[in-house]
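Participant: the sequence and its predicted three-dimensional model are supplied below.
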Amino acid sequence: MKHIVEKVDHTLLKAFCTEEEIIKLCDKAKELKVASICIPPCYVKLASDYLKGEIPVCTVIGFPLGYNTTSVKIAEAKESIENGASEIDMVINISDAKMHKFDRIEEEIKQIKEAIGDNILKVIIETCYLDKEEKIELCKVVTRAGADFIKTSTGFGTNGATLEDIKLMKENVGTNVRIKAAGGIKSLKDAEDFIKEGATRLGTSSICSIIKNETIQGY
């Protein structure tokens, strides 16, 4: 199952997660050698100090609704990098997307990418609120803005990742942009299906536990 584990951003973003749960998440991440852990900004320093570079730390910016101002998102991102994060998952201003003010979104992504330098930037477009044309345009925006990934969902919207959205993204993002599927990935088959369609990262809170159980049982 290595081809799945190495693509997992092992995630804990519930509103009431504790320090103890974050440490347990780190331990499981180290054991399985996941791509990263994805946690709230308030726990980045704790996790970074604990992991000591063994597993990359990812955090979320403008989360989960995306309508923080650009300056606030930049400040969040910079502080997270200073605290030890090396990957940033930012939420776009979804209202701007619905108003088709794509130039604003592009400029915001550019500014955040500039602020974090060589660290990885993933852009969450929250596909459940968008029509097909808006998704296609945002693929182009994310590509032009120089982000590293386009990401389907926060996991807090009305729906998570779908195979149709991954296919659409694969067809419309540039070759420099990778795809992260997040939200609703609950089984090994889900994970394999999303990878098959083009996702190179999976945001999930449950797959690692499933993989560990399957390994113990001799899957």
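Facilitator: Received it, and whenever you're ready, just let me know what you need. Residues are numbered from 1 along each chain as shown.
Participant: tell me the contacts of residue 50?
Facilitator: By Cβ atoms under 8 Å, 6 or more residues apart in numbering, residue 50 lies in contact with 23, 26. Every C-beta, even on glycine, is put in place using the N, C-alpha and C of the backbone.
Participant: recalculate using a threshold of 10 Å.
Facilitator: 19, 22-23, 26-27, 30, 43, 57, 84 (Cβ atoms under 10 Å, 6 or more residues apart in numbering).
Participant: any idea where the strands of this protein begin and end?
Facilitator: For the chain, strands defined by DSSP state E occupy the ranges 8-11, 36-39, 57-61, 87-91, 120-124, 149-151, 178-182, 201-204.
Participant: the fourth one: how far from the chain's middle?
Facilitator: Going back to what we said before, that points to strand 87-91. From the chain centre to the centre of strand 87-91 is a distance of 6 Å (Cα atoms, centre = their mean, to the nearest Å).
Participant: what mean pLDDT does it get?
Facilitator: Strand 87-91 shows a mean pLDDT of 98.
Participant: again, but for the first one
Facilitator: Over the span of strand 8-11, the pLDDT mean works out to 97.
Participant: ok, now the second one?
Facilitator: Per-residue pLDDT values over strand 36-39 give a mean of 98.
Participant: show the buried residues in the contacts of residue 50.
Facilitator: For the contacts of residue 50, a burial check counting by 16 or more other Cβ atoms under 10 Å picks out 22, 26, 43, 57, 84.
Participant: show me which of these is closest to residue 210.
Facilitator: Residue 210 lies nearest to residue 26 out of these, by Cβ to Cβ, at 18.7 Å.
Participant: follow-up on the earlier one: tell me which of the strands of the chain sits nearest to residue 48.
Facilitator: If you check each of these against residue 48 by Cβ to Cβ, strand 57-61 wins as the nearest, at 5.1 Å.
Participant: please identify the pairing partners of that closest one and their relative orientation?
Facilitator: Paired strands of strand 57-61, with direction, are strand 36-39 (parallel), strand 87-91 (parallel) (DSSP bridges).
Participant: mind putting those strands into a markdown table with mean neighbour count and distance to residue 212?
Facilitator: A markdown table is the format used below for the strands paired with strand 57-61 (neighbours: other Cβ atoms under 10 Å; distance: least, Cβ to Cβ, whole Å):
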| stretch | mean neighbour count | distance to residue 212 |
| --- | --- | --- |
| strand 36-39 | 27 | 15 |
| strand 87-91 | 26 | 23 |
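Participant: need those strands in TSV (columns: distance to residue 172).
Facilitator: Formatted as TSV, the strands paired with strand 57-61 follow (distance: least, Cβ to Cβ, whole Å):
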stretch	distance to residue 172
strand 36-39	24
strand 87-91	19
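Participant: for residue 151, which of these is the nearest?
Facilitator: If you check each of the strands paired with strand 57-61 against residue 151 by Cβ to Cβ, strand 87-91 wins as the nearest, at 6.1 Å.
Participant: got the CA coordinates for that closest one in CSV?
Facilitator: C-alpha atoms of strand 87-91 as CSV (Å, rounded to 0.1, in the frame of the first residue of the first chain):
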residue,chain,number,x,y,z
GLU,A,87,3.1,23.2,3.1
ILE,A,88,0.2,25.7,3.0
ASP,A,89,-3.4,24.8,2.0
MET,A,90,-5.2,28.1,1.3
VAL,A,91,-8.9,28.6,0.6
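Participant: how much does that strand deviate in direction from strand 178-182?
Facilitator: Using axes from the mean of the first three to the mean of the last three Cα atoms, to 10 degrees, the direction of strand 87-91 lies 70 degrees away from that of strand 178-182.
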